[in-house]
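A.B. asks: pasted the sequence and its predicted model underneath.
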Amino acid sequence: MAKKADEVKVKQNKKAQATQNEESVVSSIENKLVALYSKQKIDAQIDKIKVIRGELPLEVQDLEDEIAGLETRVEKFQNEIEEIDKDIKDKQNQIKESNDLIKKYEEQQMNVRNNREYDSIAKELEYQNLEIQLAEKRIKEAEEKKKAKNEQVEKAKSELDERKKDLEEKQKELNEIVSETEKEEKEMNEKSRKLDKEIEDRLLNAYNRIRENARNGLAVVKIERDACGGCFSKIPPQHQLDIKTHKKIIVCEFCGRILVDDDIAEKAEKNLEKK
């Protein structure tokens, strides 16, 4: 009789232990889900702040890139103009050298002793005159090229001034929005980082991966009208029951988002109020 009583007691203890273990598992899963949903709520608020800024940060970046490109273009044109000026100067020096030679040959021509010397000097004079004509032609072409480059520089500088004004306005607008939301965003980011410490790395990595792939940034969603709060696909009754028992983390079989029930959502709201 005593032996039977002992067996009953052992069974009761095992049952109590099993119940306790199950409750411990449920509690652990609940804590994970609450932390995940709390983080989702915080991150969603941060996303809203970023939406308020809209496309301004990208517009500012695009303008900065365009300004950098225009500055490079202006610098390139100016370097090309310097090269043209150097070429013009070289041709002018060439003309001066040719004129000096012509003067020298004309003096020699006055003292020639025969026709052969005269013809030789005449050829040199003709060559130097041709060199002068060619150099003058090259100078004229270079000056036309320089004129076109200067026009390009002025056009680029004008466009650069306009873009700098646009950037100043966009930057001012962005700074105003940032100043209005900076404090709130800082607080939200701090809360999000604190919640990271409450979530194991495996789950946190999964959460971040789902958020990156989700168009609306939602990785953890409630069941709403028997459907996933992210993709709105219907959730089978058995899955809904499993979600409500909090015995394991369940994801939507259509979109892969982590699913929670109203109970977890309420606990997450209370959790956030304490933070």
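C.D. replies: That came through, no problem. Numbers count the residues shown, from 1 in each chain.
A.B. asks: against which helices or strands is the top strand by length along the chain packed?
C.D. replies: Longest strand of the chain, by residue count under DSSP state E: strand 220-224. Using 3 or more C-beta pairs under 8 Å, 6 or more residues apart in numbering; DSSP states H and E, the elements in contact with strand 220-224 are helix 2-53, strand 258-260, helix 262-274. In short, each C-beta sits where N, CA and C put it, glycine included.
A.B. asks: can we see that at 7 Å?
C.D. replies: When contacts are defined as 3 or more C-beta pairs under 7 Å, 6 or more residues apart in numbering; DSSP states H and E, strand 220-224 packs onto helix 2-53, strand 258-260.
A.B. asks: hey, least reliable of those by pLDDT?
C.D. replies: Confidence, taken as mean pLDDT, is least for helix 2-53 of the helices and strands packed on strand 220-224 (a mean of 70).
A.B. asks: can you name the element that comes right after that one?
C.D. replies: Next along the chain after helix 2-53, taking DSSP states H and E as the criterion, comes helix 56-109.
A.B. asks: specify the next element, helix or strand, located C-terminal of that next one.
C.D. replies: That would be, after helix 56-109 and using DSSP H and E, helix 115-196.
A.B. asks: what's the angle between that next one and helix 262-274?
C.D. replies: Computed by axes from the mean of the first three to the mean of the last three C-alpha atoms, to 10 degrees, the angle separating helix 115-196 from helix 262-274 equals 100 degrees.
A.B. asks: give me the angle between helix 115-196 and helix 56-109.
C.D. replies: 170 degrees.
A.B. asks: what average pLDDT does helix 115-196 get?
C.D. replies: 93.
A.B. asks: cool, and stretch 264-275?
C.D. replies: 86.
A.B. asks: what does it contact?
C.D. replies: Identification of contacts with stretch 264-275 by C-beta atoms under 7 Å, 6 or more residues apart in numbering yields 30, 33-34, 37-38, 41, 191, 194, 222.
A.B. asks: adding distance to residue 79 and neighbour count, write those out as CSV.
C.D. replies: Output for the contacts of stretch 264-275, formatted as CSV (distance: C-beta to C-beta, whole Å; neighbours: other C-beta atoms under 10 Å):
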residue, distance to residue 79, neighbour count
30, 68, 16
33, 63, 26
34, 64, 24
37, 60, 25
38, 58, 27
41, 56, 19
191, 53, 19
194, 54, 13
222, 63, 17
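A.B. asks: which of those residues sit farthest apart?
C.D. replies: 194 and 222 (22.5 Å; C-beta to C-beta).
A.B. asks: so which bits of stretch 180-187 are buried?
C.D. replies: By 16 or more other C-beta atoms under 10 Å, the buried positions in stretch 180-187 come out as 181, 185.
A.B. asks: no, scratch that, I was asking about stretch 150-159
C.D. replies: Buried residues in stretch 150-159, counting neighbours by 16+ other C-beta under 10 Å, are found at 152-153, 156.
A.B. asks: distance to residue 232 added to the contacts of stretch 264-275, as JSON lines?
C.D. replies: What follows is those, written out as JSON lines (distance: C-beta to C-beta, whole Å):
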{"residue": "30", "distance to residue 232": "25"}
{"residue": "33", "distance to residue 232": "21"}
{"residue": "34", "distance to residue 232": "24"}
{"residue": "37", "distance to residue 232": "18"}
{"residue": "38", "distance to residue 232": "23"}
{"residue": "41", "distance to residue 232": "19"}
{"residue": "191", "distance to residue 232": "28"}
{"residue": "194", "distance to residue 232": "31"}
{"residue": "222", "distance to residue 232": "12"}
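A.B. asks: of those, which is the nearest to residue 206?
C.D. replies: Proximity of the contacts of stretch 264-275 to residue 206 (C-beta to C-beta) peaks at residue 33, which lies at 12.8 Å.
A.B. asks: which residue is the nearest non-sequential neighbour of that closest one?
C.D. replies: In space, and not counting its chain neighbours, residue 33 is closest to residue 264: 4.7 Å by C-beta to C-beta, 6 or more residues apart in numbering.
A.B. asks: pull the number of nearby residues for that neighbour.
C.D. replies: A count of neighbours around residue 264, defined by other C-beta atoms under 10 Å, yields 24.
A.B. asks: ok, and what's touching stretch 204-223?
C.D. replies: Taking C-beta under 7 Å, 6+ apart as the rule, stretch 204-223 contacts 36-37, 40, 43-44, 47, 196, 228-230, 235, 240, 243, 256-262, 265.
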